[in-house]
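Trainee: coordinates only, sequence not included:
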């Protein structure tokens, strides 16, 4: 029940409105056959081969059996060429090259290959589903290759690992929107090919290592690029997620993070104005204003940017001195854009500094005016007389362009200072082998151009969590704490 008739009486008869009840039962079966073989040559060349076949009840007959093999090989170059164990100028301890190829298959949820009625809130009633299922559904397949180089130098004082990967997904199972005139809102399909490729690099080591002081440090960096190679035959775009007047849409040739939305209407390519000296000035792309000096908004969706970061990185350090240990973790990302609903609401409501200009005497917006009668562009020189309406146009929810910001950031993620109690003190308690006490803080500081709260945003879109839209999320939480650890 949503609400009780009398507070504090938890009884079905005390429900103020109709009781809400539901139950759901599914059956799904997967039968699998798996095999693996391992080979090695003189303990410096290794090969692993696997194969698996699944039979799934959630896929169409004729497509419900799928096989996916893998093979991985590694070569200890330091042993093959004889420069391991600190030789080769006593620098290399180990150098390993690895390569792998794999196919991975996947099925889906139960009851996606047949059309069924849904239950109704009325006893014995049924409703027509809003989704068309697919009686020819095929398994998803991801084929990937990976190459890596791993090394240890200076007796373990310096380590590195570099990885390149390239993966192509085929026949992804997704729910695609269809024309509502059909009586349905979506259809389950197998969609085209999507490619992901990227790099992962990690470097770690001990810059300082003495009897009393040890400093260990590690850097991790990663970059991923994806591209939509093709979609289903009857699908020209795939709406991945939706926000206020904007959507993340995948199109052939684009990516899985491309955002489309509405914004300012702008002067077309080749537009120009005549200056006082008679020369022409190009104004292509400048904001268009109406005769009253207010910006004109576009009603058609346009490409706004990509919601995915260009790269991510982390930098961790630990300094130990006798019984003390200080740990500092920093991470961040570069690139990527997201829509901020919080910025929109606070801006057009006049709660932020960006709405102070012209509040008492109006302002002249930077852009051009187009006279449809003469077909001439001119510099906008009209002072607005309704500043509230001006900022409403600039920052309203429909103006995605002006509420879109970079999600780049650097965060001081955690600082931790720990003290290990001396063994003499711990030994007085026989059943305790070790003890330490620590103070810590998380999310202590951040550098970012994101206007409100936290650029690490996510939105619940149906049953999925998607990025690219901040819809009135809570501020970042800064945490302080004390911990006590006992070893028995």
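Mentor: Perfect, thanks for sending it. As the structure is a computational prediction, the values presented were derived from the model and not from experiment. Numbering: from 1, shown residues only.
Trainee: alpha carbons only for contacts and neighbour counts from here, please
Mentor: OK.
Trainee: quick one, helices of this protein?
Mentor: With DSSP state H, the ranges of helices along the chain come out as 77-80, 341-348, 387-395, 423-426.
Trainee: Just put the ones you listed in CSV and tack on mean pLDDT.
Mentor: Converted to CSV, these look like this (pLDDT from 0 to 100):
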stretch, mean pLDDT
helix 77-80, 88
helix 341-348, 93
helix 387-395, 94
helix 423-426, 81
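Trainee: okay if I get these as a markdown table plus distance to residue 310 and mean neighbour count?
Mentor: Listed next are the helices of the chain as a markdown table, based on distance: least, CA to CA, whole Å; neighbours: other CA atoms under 10 Å:
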| stretch | distance to residue 310 | mean neighbour count |
| --- | --- | --- |
| helix 77-80 | 33 | 18 |
| helix 341-348 | 23 | 21 |
| helix 387-395 | 27 | 20 |
| helix 423-426 | 48 | 12 |
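Trainee: Any chance of a markdown table for the ones you listed, columns distance to residue 444?
Mentor: Converted to a markdown table, the helices of the chain look like this (distance: least, CA to CA, whole Å):
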| stretch | distance to residue 444 |
| --- | --- |
| helix 77-80 | 43 |
| helix 341-348 | 22 |
| helix 387-395 | 30 |
| helix 423-426 | 33 |
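Trainee: which stretch among those comes nearest residue 67?
Mentor: Judged by CA to CA, the one of these that comes nearest to residue 67 is helix 77-80, at 33.0 Å.
Trainee: Can you work out which other helices and strands pack against that closest one?
Mentor: Counting contacts by 3 or more CA pairs under 8 Å, 6 or more residues apart in numbering; DSSP states H and E, helix 77-80 is packed against strand 92-106.
Trainee: Provide the strand pairings for the strand it packs on, with the direction of each partner.
Mentor: Strand 92-106 has these partner strands in its sheet, going by DSSP bridges: strand 65-76 (antiparallel), strand 140-153 (antiparallel).
Trainee: Need the contact partners of the last one.
Mentor: Going back to what we said before, that points to strand 140-153. Strand 140-153 has contacts (CA atoms under 8 Å, 6 or more residues apart in numbering) with 86, 91-107, 158-173, 190.
Trainee: repeat that for 7 Å
Mentor: Outside strand 140-153, the residues within contact range by CA atoms under 7 Å, 6 or more residues apart in numbering are 91-107, 158-173.
Trainee: Please compute how far that strand lies from its chain's middle.
Mentor: 22 Å (CA atoms, centre = their mean, to the nearest Å).
Trainee: same thing with stretch 274-290?
Mentor: 40 Å.
Trainee: Name the residues that touch it?
Mentor: Residues contacting stretch 274-290 (CA under 7 Å, 6+ apart): 264-273, 295-296, 367-369, 380.
Trainee: buried sites along that stretch?
Mentor: Judged by neighbour count (16 or more other CA atoms under 10 Å), stretch 274-290 contains these buried residues: 283, 285, 286, 287, 288, 289.
Trainee: related to what we said a few turns ago, with respect to residue 232, which of the helices of the chain lies nearest?
Mentor: With CA to CA as the measure, helix 341-348 is the member of those nearest residue 232 (33.0 Å).
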